[in-house]
Structure formats: structure tokens, C-alpha cells
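K.L.:
I'd like to go over a predicted model; first the sequence, then the structure.
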Amino acid sequence: MVPTPITVRVPAKVNLHLSVGDARPDGYHELVTVFQALSMTDEVTVLAAEEPGIDVQGEGADSVPTDATNLAWKAVRLLAEHSGRDPEEPGVRVSINKGIPVAGGMAGGSADAAATLLALNQLWRLELGRDELSEFAAKLGSDVPFSLQGGTALGTGRGERLVPVLARHTFHWVIALDKEGLSTPAAYGELDRLRAESRPNRVGEVEPLLEALASGDPRQLALLLGNDLQAAAVSLRPGLRRTLRAGVQAGALAGIVSGSGPTCAFLCTDADAAVRVAAELSGAGVCRTVRVAHGPVPGAKLVSEEPAHRPTPPQVHA
Ligand SMILES: C[C@](O)(CO)[C@H](O)COP(=O)(O)OP(=O)(O)OC[C@H]1O[C@@H](n2ccc(N)nc2=O)[C@H](O)[C@@H]1O
Ligand SMILES: Nc1ncnc2c1ncn2[C@@H]1O[C@H](COP(=O)(O)OP(=O)(O)OP(=O)(O)O)[C@@H](O)[C@H]1O
């Protein structure tokens, strides 16, 4: 009997705090970061197929590779090798439906890799536990373990060592997507360059932000959002300064570049405020599209495990 296709839904992330240490000998930077999973998602379906391959639909699909460089395909090969299958002929197709901006600093590719690991674990009945899946995830990229785990988490090392964080509230965000993506290595490289020539401000300790998360007060959290890569993203894409200003002028509590950018995330007081900020920001003409999102949400999840009815989040297009 042919196994039924398996679909996994997987969230985007924003870094509420991203403290970047110096470059390590292996080229990575030591991080202290707080991730939050947001209600912007990709859906990944794996099915047994004679002709292996990958196809991508949805927003920004044209700029996503459909060859072996796709991070989801790297996940297929990794689990094929692990389970004694031929990584060149794994006998699966992967279909990705993108809702997470491509190259936006929201871990879109990482999300697809995490979703593929979870889906193949089910399709191939590998019975890998969450910890084992997380080890495979870390081999694929620094953000992949968090895409599996979701929620709110403190990340250290390259960002792959995770501890869940108590977040006593749903936070409401407005997400401003830029016209073009930014490369993650380029953002880290630009930060190294800026640090070699001057002393850009560094975000402080993470503890106050963890306390704000536990309190659940968005106003307190807004004061503590910080991202060391923001200076690098703004240096590579100076227009982001305008976007960040426009979000706060539109009524957000605070704005931040998400991860390596160029997406900007604005924290709002509540869901209604987020819709108002989104409408105003979309009229300001500073970004391609504006979306409303909330977090934390769960990590990668089999769609069959989810409740049947999910309300559609409001969307505002610039
Ligand atoms: C910017 C963040 O999204 C914040 O969560 C991540 O640090 C990036 O995570 P990612 O896209 O999964 O990154 P990886 O695929 O592991 O690494 C891509 C490249 O980013 C840089 N990189 C990434 C993580 C890290 N701690 N230090 C780095 O310098 C390296 O140049 C690396 O070659
Ligand atoms: N499944 C995928 N989805 C999106 N991009 C992918 C995927 N696989 C490979 N890529 C490539 O990776 C590049 C970065 O895309 P991605 O959306 O993961 O960036 P990002 O969100 O900035 O990543 P991160 O926040 O983890 O640093 C893209 O330009 C694309 O060429």
C-alpha cells in the first residue's frame, strides 16, 4: 500500500534579542538569542514518488531553488542516509507552500528543513524522538532546531542549543516585508566589518528581556528588544531606517530588524492595535507588503494533529 502524503505546518521566527559575539574559528558567531515563533507559516508535504524532486509554490517561490541546494532537500538526503536509503534516489517528492518571506531573516529555509525532517520521520516510520530530530536539525542550519521546537526559546552556541522560555502572553506583531532579500552570511560579514572600523552598540544582557516575557507586558518587552545584526542590515539596506521609523510613527511600541533582515517586526499593544498599525504602515509606502502576526505559536506540527478549524489571520497588503 502506498503511504498517504504527510503535511507539516511550520512557523517563521523573529529574534527578540540577538547578541552576536565574535567570529569563531569555524566562521560562525557565538550567539545569545531569544527566538519567538510567529503565526506566518510554510506547509511542506512529502509523498512517496517514483520521480524524486521538489516543487515550491506561494510567495517568493521563484527565488527558491528546486535542486539539491534547497535546505528541505538536504533534510531528505540526511534522513535517507540515516535510514539506509539511497540519498540520490530517496523515492520522495517534497512540495513546499511558502508563506514565510524568502531570505527575509525569518528562517524560511530552516522552517522547510525542519518540516521535512518531521514529515519524513512519519512517512518512513523512523520513530526518531524530538531530541534525535533536533540533532539532525542542527546539522542542517543554526535556526533549524528552533523551527522544530517553536514557542519562545533561548538559543546559545550557533543558536542551535535551545532552552524553552516562559512567555505569559500572546504578543501581537506587524511584519514589514522588503522588496528584496538579504543574505545571512553577508549580514554577519557586514557586522564584522563595522566592528573592525568602529564600535557599534551591542545589545545588553538577556535577563531583563526574559523577565519582561514572563511578565507578559508588551510595553516592558518593547523597551528591551535588541538585535546586534540590525546595524549590519541597515548598513546594507539603508532604507530600513525609514521603515523602522514609519512603524513606530504608525503606533507600534517598538520596531526591530528580524534576524539578519531585511524584514522588520513591530511589537504592538494588542491585536486591534496591530491591525491599525499595519493599515497605516502599508499606506506609508516604505515596504513591499505588511502582515499581522502573533506569537508564540508551536513549532513544526503534523497538520493532522492540529484542530480542524483555524481562524485566518488578517492580512494587509501595501
Ligand atoms: C541570523 C539568524 O537567523 C538568527 O537566528 C541565524 O543566526 C542564521 O541562522 P541560519 O540561517 O540557520 O544560518 P546557518 O545556515 O547555520 O549559517 C549561514 C551562515 O550564517 C553565518 N552565521 C550563522 C549563525 C551564526 N551563529 N553565526 C554565523 O556567522 C555564517 O556565515 C554561516 O555560514
Ligand atoms: N526551502 C527554502 N526556502 C527558502 N529559501 C531557500 C530554501 N532552500 C534554500 N533556500 C535559499 O536560501 C536563501 C535564504 O532563504 P531563507 O528564506 O531561509 O532566508 P532567511 O529567512 O533570511 O534565513 P535565516 O533567517 O535562517 O537566516 C534563499 O535566498 C534561497 O536561495
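P.N.:
Thanks, I have it. Numbering: from 1, shown residues only. Ligands and ions are numbered 1, 2, ... in the order given.

K.L.:
are the longest strand seen in the chain and ligand 1 in contact anywhere?
P.N.:
Secondary structure assigned by DSSP state E gives strand 29-48 as the longest strand of the chain. Yes. Judged by CB under 6 Å from any ligand atom, strand 29-48 and ligand 1 are in contact via 29, 31, 33. The C-beta positions use only the backbone N, C-alpha and C, and glycine is treated the same way.

K.L.:
closest to residue 67 out of those?
P.N.:
Taking CB to CB as the measure, residue 67 lies nearest residue 29 of the residues of strand 29-48 next to ligand 1, at 28.4 Å.

K.L.:
count of residues packed around the closest one?
P.N.:
Using other CB atoms under 10 Å, residue 29 has 19 neighbouring residues.

K.L.:
mind listing what it touches?
P.N.:
Counting by CB atoms under 8 Å, 6 or more residues apart in numbering, residue 29 makes contact with 20, 21, 22, 23, 158, 188, 191.

K.L.:
only the buried members of the residues you listed: can you turn that into a ChimeraX selection?
P.N.:
In ChimeraX, this line selects whichever of the contacts of residue 29 come out buried by 16 or more other CB atoms under 10 Å:
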select :20,158,188,191
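
K.L.:
would you format the contacts of residue 29 as TSV with secondary structure, distance to residue 53 and pLDDT included?
P.N.:
Shown next, in TSV, are the contacts of residue 29 (DSSP: H, G, I helix; E, B strand; the rest coil; distance: CB to CB, whole Å; pLDDT from 0 to 100):
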residue	secondary structure	distance to residue 53	pLDDT
20	strand	37	98
21	strand	39	95
22	strand	41	87
23	strand	36	88
158	coil	30	96
188	helix	32	97
191	helix	37	97
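
K.L.:
a markdown table for the contacts of residue 29, including distance to residue 255?
P.N.:
Below are the contacts of residue 29 laid out as a markdown table (distance: CB to CB, whole Å):
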| residue | distance to residue 255 |
| --- | --- |
| 20 | 19 |
| 21 | 24 |
| 22 | 27 |
| 23 | 27 |
| 158 | 26 |
| 188 | 21 |
| 191 | 19 |
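
K.L.:
most widely separated two among the contacts of residue 29?
P.N.:
That would be 158 and 191, which, of the contacts of residue 29, are the farthest apart (CB to CB) at 14.9 Å.

K.L.:
what's the closest non-adjacent residue to the residue of the stretch 151-300 of the chain found nearest ligand 2?
P.N.:
The nearest approach of the stretch 151-300 of the chain to ligand 2 comes at residue 184, 3.7 Å away (CB to the nearest ligand atom). Closest residue to residue 184 apart from its sequence neighbours, by CB to CB, 6 or more residues apart in numbering: residue 260 at 4.4 Å.

K.L.:
if I've got this straight, the one you found is in a helix?
P.N.:
No. According to DSSP: H, G, I helix; E, B strand; the rest coil, residue 260 belongs to no helix; its state is coil.

K.L.:
skipping its backbone neighbours, what lies nearest residue 225 in space?
P.N.:
residue 256 (4.7 Å).

K.L.:
that neighbour belongs to a helix, doesn't it?
P.N.:
No. Applying three-state DSSP, one finds residue 256 to be strand, outside a helix.

K.L.:
so the helix or strand where residue 78 lies, near ligand 1 or not?
P.N.:
Using DSSP states H and E, residue 78 sits within helix 71-82. No. On the criterion CB under 6 Å from any ligand atom, helix 71-82 is out of touch with ligand 1, staying 8.0 Å away.

K.L.:
in that helix, which residues are buried?
P.N.:
71, 72, 73, 74, 75, 76, 77, 78, 79, 80.

K.L.:
ditto for stretch 171-181
P.N.:
So for stretch 171-181, counting by 16+ other CB under 10 Å, buried means 171, 172, 173, 174, 175, 176, 177, 178, 181.

K.L.:
from those, which are also near ligand 2?
P.N.:
Restricting these to those near ligand 2 - CB under 6 Å from any ligand atom - leaves residue 181.

K.L.:
does the nearest residue to residue 60 once chain neighbours are set aside sit in a helix, a strand or a coil?
P.N.:
Sequence neighbours aside, residue 102 is the residue nearest to residue 60 in space, at 3.6 Å (criterion: CB to CB, 6+ apart). Three-state assignment for residue 102 (three-state DSSP): coil.

K.L.:
need the contact list for residue 155.
P.N.:
31, 32, 33, 34, 35, 146, 161, 162.

K.L.:
one more pass at 6 Å, please.
P.N.:
Shown in contact with residue 155 (CB atoms under 6 Å, 6 or more residues apart in numbering): 33, 35, 162.

K.L.:
for those, which one is nearest residue 251?
P.N.:
Using CB to CB, residue 35 comes nearest to residue 251 of the contacts of residue 155, at 25.5 Å.
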